Structure formats: C-alpha cells, structure tokens
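[1] Next come a sequence and a model predicted from it.
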Amino acid sequence: MINNVKITNFKAYPQIAGLMPNDSNLEFIGVRKTKQVLWMQNGNNHYFSDLPLYYYTLLKNAYLKDHTAIAFLSEVSDKLRTQVELYTYYMYGSLDATPDIKNGKLAPSENFRDSRNCPSLLWDSKNINIKNHVFTPRQLVIVDFIADNLPDKAIAAALGVTTKTLDFHKSRLFRALGVTTKTELLYLSIQYKIIA
C-alpha cells in the first residue's frame, strides 16, 4: 500500500498582545491620524481615558522621568493627561505581539516612529534597536536612505560627508548587526519594524 498523505506545516505567527479573551496584558494602539491611543486587554478595545489608574500612573511616572519628552510635549498641550497619552503614542504606538504592559510592568519603548524624523527619537527613554544594538539618529537616516534605494554617493551628499566616511559608518552598522549587505540590513529593519 502506498501512503499518499501530504502533511502541511503552517508557520506559527505571533499573536497580537491583549487580543485573546484570557490575555490580561495590555497592548497600546496608536491612531496615526489623530495621535490618540487605544488599548487592548482580554480581547477588548478601550479608549485611553478608560485606562485604569494603576496603568496610567506607570505611564505618567515614565513620562515625568523623561525631561526631553516633557519639554516637547508641554509645547503641544498644557494638559498632563494629553501629554501622557501623546507620550504613550510615541513610545508604544505599534500594534505587535509584545505586550506594552506585562504582569504590571511597563515594557521598553517600541521601534515605532510616527514619521522618519519623529520627535520621540530625541527623547531619553526612546530607543530604536535591533537585537542589542541601539540606533543613533544618523544610523536611522542611513537606513532610511538605503530603504529609498539611493546610491552611496547620493546618501553621502545628503549627509554632507564623503563616500569614504559613509562607508565607515555603514561598515560599523553592518558589523554591529551581523550583516554584510544592504539587503540583509533592510530585511532586519523590516523584521524589527524600523522601516515599513
């Protein structure tokens, strides 16, 4: 007898945090158009204004420790609650599988950028990273230009450096991430949500 059974293995995709009815962790969702924040827990969506006091206090304390964020957001709004919501938007606006609050503890910032020159990139508590490498603003600009498929000469001209200096910066970035080509760099950047 010949066995013609074909077994199909499906990839296991990560589940969005807070989506399942028994998932008590919190996931914040940034609405880009309005810069408002929703949050998800136990499979239900809620408005930021409905956030329990304990979780709001976690976010407020993190915000009040970041003086550069305070300086920027106090210019946008004079209401503390709005400032904390904007801080949450810029820090945790990406919908992903990693809970933003897990077991009552606030997670590190996500690789979320509202725009390429997102104001949160200058904040003390904001880190854009791949694995253990934290990107500098210049490295992010280089990755953005590479994603735009610009030649090295054009990238160097835009940065105001020589191509030799650009090669030095690229080689340091490649070494830090363990990649050897632009394609590998872009693959990692997409995988870690640094570029869309």
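    In hand now; what should we look at?
[2] For the rest of this, base every contact and every neighbour count on C-alpha atoms.
    Noted.
[3] Now do the contacts for E85.
    For E85, the contacting residues are 36-37, 48, by CA atoms under 8 Å, 6 or more residues apart in numbering.
[4] May I have the phi/psi pair for N61?
    phi -60, psi -40 (degrees, to the nearest 10).
[5] With S49 instead?
    Dihedral angles (degrees, to the nearest 10) for S49: phi -60, psi -20.
[6] Give me the pLDDT for it.
    Looking at S49, its pLDDT stands at 95.
[7] How is the protein divided into domains?
    27-109, 130-191 (automatic domain parsing).
[8] so which of the ones you listed gets nearest C118?
    Set against C118 and scored by CA to CA, the domains of the chain come closest in domain 27-109, at 8.3 Å.
[9] so how far is the closest one from its chain's centroid?
    Relative to the chain's own centre, domain 27-109 is displaced by 13 Å; criterion: CA atoms, centre = their mean, to the nearest Å.
[10] Now do it: distance from first to last residue.
    Using CA to CA, to the nearest Å, the span of domain 27-109 from its first residue to its last is 12 Å.
[11] among the domains of the chain, which is the most enclosed?
    Of all these, domain 27-109 has the most neighbours on average by mean count of other CA atoms under 10 Å, namely a mean of 17.
[12] where do the helices sit along the chain?
    53-65, 67-76, 80-92, 137-147, 152-159, 163-177, 182-191 (DSSP state H).
[13] Mind giving me the packing neighbours of the fifth one?
    Packing contacts for helix 152-159, counted by 3 or more CA pairs under 8 Å, 6 or more residues apart in numbering; DSSP states H and E, involve helix 137-147, helix 163-177.
[14] got the angle between the shortest one and helix 182-191?
    When you say that, I think you mean helix 137-147. Compare the direction of helix 137-147 with that of helix 182-191 by axes from the mean of the first three to the mean of the last three CA atoms, to 10 degrees and you get 110 degrees.
[15] what does helix 137-147 rub up against?
    Here helix 137-147 has contacts from 116, 121, 155, 169-170, 173, 182, 185-186, 189, 195, using CA under 8 Å, 6+ apart.
[16] Thank you, goodbye.
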